[in-house]
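Engineer: Whatever this is, show me its structure:
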Amino acid sequence: MRVLPGRLLLVHADSRLAEHLCGVQVMGLTEPRARELIDFHSEHQPDDCQVHLASLELLHLRPGQA
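Structural biologist: Model (predicted):
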């Protein structure tokens, strides 16, 4: 599910929204939660999924290394 272009939607990293939405910014992201969110969003391309990308960035990983 995507958020409208030009709109910024913040969700807490521990919320179920972070598990299901791709076009959101996550706040309060921790290393363990980043690993969980990578699993939830593993079928999404990081370029298309802000949650996957933020999780990879927090863990200092490149796509495919998770």
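
Engineer: pLDDT wise, what is the closest residue to Val26 other than its chain neighbours at?
Structural biologist: Excluding its sequence neighbours, the residue lying closest to Val26 (CB to CB, 6 or more residues apart in numbering) is Ala13, at 4.4 Å. The C-beta positions use only the backbone N, C-alpha and C, and glycine is treated the same way. At Ala13, the pLDDT value in this model is 97.

Engineer: Quick check, Ala13 in contact with Pro32.
Structural biologist: No - in this structure, Ala13 is not within contact of Pro32 by CB atoms under 8 Å, at 10.0 Å.

Engineer: higher neighbour count, those two?
Structural biologist: The residue with more neighbours, out of Ala13 and Pro32, is Ala13; 21 against 8, by other CB atoms under 10 Å.

Engineer: Distance check, the most centrally placed residue in the chain against Asp14.
Structural biologist: Geometric centre of the chain, nearest residue: Val51, 1.2 Å, by CA atoms, centre = their mean. According to CB to CB, to the nearest Å, Val51 and Asp14 sit 12 Å apart.

Engineer: Val24: neighbour count?
Structural biologist: When neighbours are counted by other CB under 10 Å, Val24 registers 22.

Engineer: Hmm, I typed the wrong one, I wanted Arg16.
Structural biologist: Arg16 - counted by other CB under 10 Å - has 10 other residues nearby.

Engineer: cool, the one 3 residues further on as well?
Structural biologist: Using other CB under 10 Å as the criterion, Glu19 is surrounded by 15 other residues.

Engineer: Model confidence for it, exactly?
Structural biologist: The model's pLDDT for Glu19 equals 96.

Engineer: my read is it is in a strand, agree?
Structural biologist: No - counting by DSSP: H, G, I helix; E, B strand; the rest coil, one finds Glu19 to be helix, located in no strand.

Engineer: residues touching it, list them.
Structural biologist: With contact set as CB atoms under 8 Å, 6 or more residues apart in numbering, Glu19 has these partners: Leu37, Phe40.

Engineer: In terms of secondary structure, what does the one helix or strand Val26 maps to contact?
Structural biologist: Using DSSP states H and E, Val26 falls within strand 25-27. Under the contact criterion of 3 or more CB pairs under 8 Å, 6 or more residues apart in numbering; DSSP states H and E, strand 25-27 touches strand 10-12, helix 50-59.
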